[in-house]
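# Here's a sequence, model it:
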Amino acid sequence: MKPIMVIAAANGYMGQVLMQYFRKDYKIFALVRSQPSQQVLQKFINMPVMDWFVWNETAQNHFDSLQDIFFVRWDGKTLGDWAKVLDGADVLINLAGRSVNCRYNQTNKREILESRIESTGILGEAVARAKKPPAVWLNSSTATIYRHAEDREMDEITGEIGKGFSVEIAKAWETTFAAAKTPQTRKVDLRTAMVLGLDGGVLPVLAKLVRFGVGGTMGNGGQYVSWVHEHDVCRAIEFLIAQPLEGAVNIAAQPRQNKEFMALLRKALRQPIGIPSTDWMLEIGALVLQTETELILKSRRVVSTRLEQAGFRFSYPTFETALKDFFQGS
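This next block holds a predicted model:
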């Protein structure tokens, strides 16, 4: 029988990427707050949706005999019968957390924080109660935990933790994860950079801006963009499952300055025109789109020292190699 992986918040973009990648080697329990969309169900055709909270013998038999992916409801903050799927699982990956692509008003700030703290905390309780807990738990964090850095690279060893709302969220997230009493389970904080893929995340948005001729330099263009190809995220997680690393691990390819990043994207999409966006223009755009300019203007110069020291090599180490994979036929 295949080993068992539990993915919390599997409905989202990265959850779908991970399910697609790991389904060949694992049976997967996908924890979701609501029934997957038709788009998700079509991607994972013939995958049943569990329309009840109780993980009972009938559901267990169905999972054992038929499916390699099974969707299970949870609310991300209270214990329930969903927790039974962790007993005997081999790997837990937690992706839960409200999107930060919003205005940082008090309501949104509270929801961003609570969604991360509550989900991580309740998973910690569930793992602690399991008779046979997962051997490894990989919990989402973020590469934005480091300070605004244009002067030097930030890694897990010498990187300096920053200040501000996003950093405080990241610190609270990792603190909650560290506090989980799971002595039989190795724990890894995934400080992941901006994930690039064609089916979700920020890349389709940036590509649309470029195609409309407004994908020029953003701000002064000197800020660094930390990014990683979605395939390398999957490969890094696969590597971390097999290796004895624990604690904070950066997952980020070679960072590029925004002016270079956008120029390379324009070149890949054969768009010679790229109207630049000044700080004040970005402020207006962020207000219209109900987001924050920090997501664009903060310099994230993050590198993956611990992964590379352990022997991991990125399939797409440079932005040029990633763009070739994404847009070679464009």
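# Quick check: what element follows the helix or strand harbouring Trp280 along the chain?
Assigned by DSSP states H and E, Trp280 falls within helix 279-289. As assigned by DSSP H and E, the chain's next helix or strand after helix 279-289 is helix 294-297.
# related to what we said a few turns ago, any idea how far the helix holding Trp280 is from the middle of the chain?
25 Å (C-alpha atoms, centre = their mean, to the nearest Å).
# doesn't Arg270 fall inside a strand?
No - counting by DSSP: H, G, I helix; E, B strand; the rest coil, Arg270 is not part of a strand but coil.
# Could you check the pLDDT of it?
Reported pLDDT at Arg270 in the predicted model: 96.
# Give me the phi and psi for it.
In terms of degrees, to the nearest 10, the main-chain angles of Arg270 are phi 50, psi 50.
# Could you tell me how many residues sit around it?
10 (other C-beta atoms under 10 Å). The C-beta positions use only the backbone N, C-alpha and C, and glycine is treated the same way.
# how much space between it and Arg211?
10 Å (C-beta to C-beta, to the nearest Å).
# ditto for Thr78
Thr78 is 44 Å from Arg211, by C-beta to C-beta.
# Of the two, which one has the most company?
Arg211 (14 against 11).
# residues in contact with the more buried one?
Contact partners of Arg211, counting by C-beta atoms under 8 Å, 6 or more residues apart in numbering, are Leu269, Gln271.
# Report the separation between it and Gly201.
Taken as C-beta to C-beta, the span from Arg211 to Gly201 is 17 Å.
# any idea where the helices of this protein begin and end?
Secondary structure of the chain (DSSP state H): helices located at 13-22, 38-43, 57-65, 106-129, 165-179, 203-211, 230-242, 258-268, 279-289, 294-297, 305-309, 319-327.
# how about the ones you listed in a markdown table, adding distance to Leu95?
A markdown table is the format used below for those (distance: least, C-beta to C-beta, whole Å):
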| stretch | distance to Leu95 |
| --- | --- |
| helix 13-22 | 5 |
| helix 38-43 | 14 |
| helix 57-65 | 21 |
| helix 106-129 | 9 |
| helix 165-179 | 12 |
| helix 203-211 | 18 |
| helix 230-242 | 11 |
| helix 258-268 | 25 |
| helix 279-289 | 23 |
| helix 294-297 | 18 |
| helix 305-309 | 19 |
| helix 319-327 | 21 |
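# tell me which strands and helices the helix holding Trp280 is in contact with?
When contacts are defined as 3 or more C-beta pairs under 8 Å, 6 or more residues apart in numbering; DSSP states H and E, helix 279-289 packs onto helix 294-297.
# what mean pLDDT would you report for the helix it packs on?
84.
# Let me see the residues that make contact with that helix.
Counting by C-beta under 8 Å, 6+ apart, residues outside helix 294-297 touching it are Val100, Asn101, Gly164, Ser166, Met218, Gly219, Gln223, Asn258, Asp279, Leu282.
# Return the closest of those with respect to Ile145.
Closest to Ile145 out of the contacts of helix 294-297 is Ser166 (8.1 Å), distances taken as C-beta to C-beta.
# So for the closest one, what's the nearest residue that isn't a sequence neighbour?
Thr144 (5.1 Å; C-beta to C-beta, 6 or more residues apart in numbering).
# isn't the one you found right up against Lys298?
Yes - contact between Thr144 and Lys298 holds when scored by C-beta atoms under 8 Å: they sit 6.7 Å apart.
# gap between the residue nearest to Ser166 and Pro133?
In terms of C-beta to C-beta, Thr144 sits 30 Å off from Pro133.
# The two - which one has more neighbours?
Thr144 (24 against 21).
# so who does that one touch?
Contacts of Thr144 (C-beta under 8 Å, 6+ apart): Gly162, Ser166, Val167, Ala170, Lys298, Arg300.
# Format those residues as TSV; extra columns: neighbour count and distance to Glu111.
TSV is the format used below for those (neighbours: other C-beta atoms under 10 Å; distance: C-beta to C-beta, whole Å):
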residue	neighbour count	distance to Glu111
Gly162	19	22
Ser166	19	14
Val167	18	18
Ala170	22	16
Lys298	22	21
Arg300	24	23
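# Including distance to Phe319, could those residues go into TSV?
Listed next are the contacts of Thr144 as TSV, based on distance: C-beta to C-beta, whole Å:
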residue	distance to Phe319
Gly162	23
Ser166	23
Val167	25
Ala170	24
Lys298	18
Arg300	14
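# number of nearby residues for Ala252?
With other C-beta under 10 Å as criterion, Ala252 counts 28.
# Check what pLDDT it gets.
98.
# Can you name the residues that contact the closest residue to it other than its chain neighbours?
Take Ala252 and drop its neighbours on the chain: the residue closest to it by C-beta to C-beta, 6+ apart is Ala193, 3.7 Å away. Applying C-beta under 8 Å, 6+ apart, we find Ala193 in contact with Ala143, Ser226, Trp227, Val228, Asn250, Ile251, Ala252, Ala253, Pro255, Arg300, Val302.
# And Gly247, by the same measure?
Applying C-beta under 8 Å, 6+ apart, the residues near Gly247 are Glu156, Lys187, Val188, Asp189.
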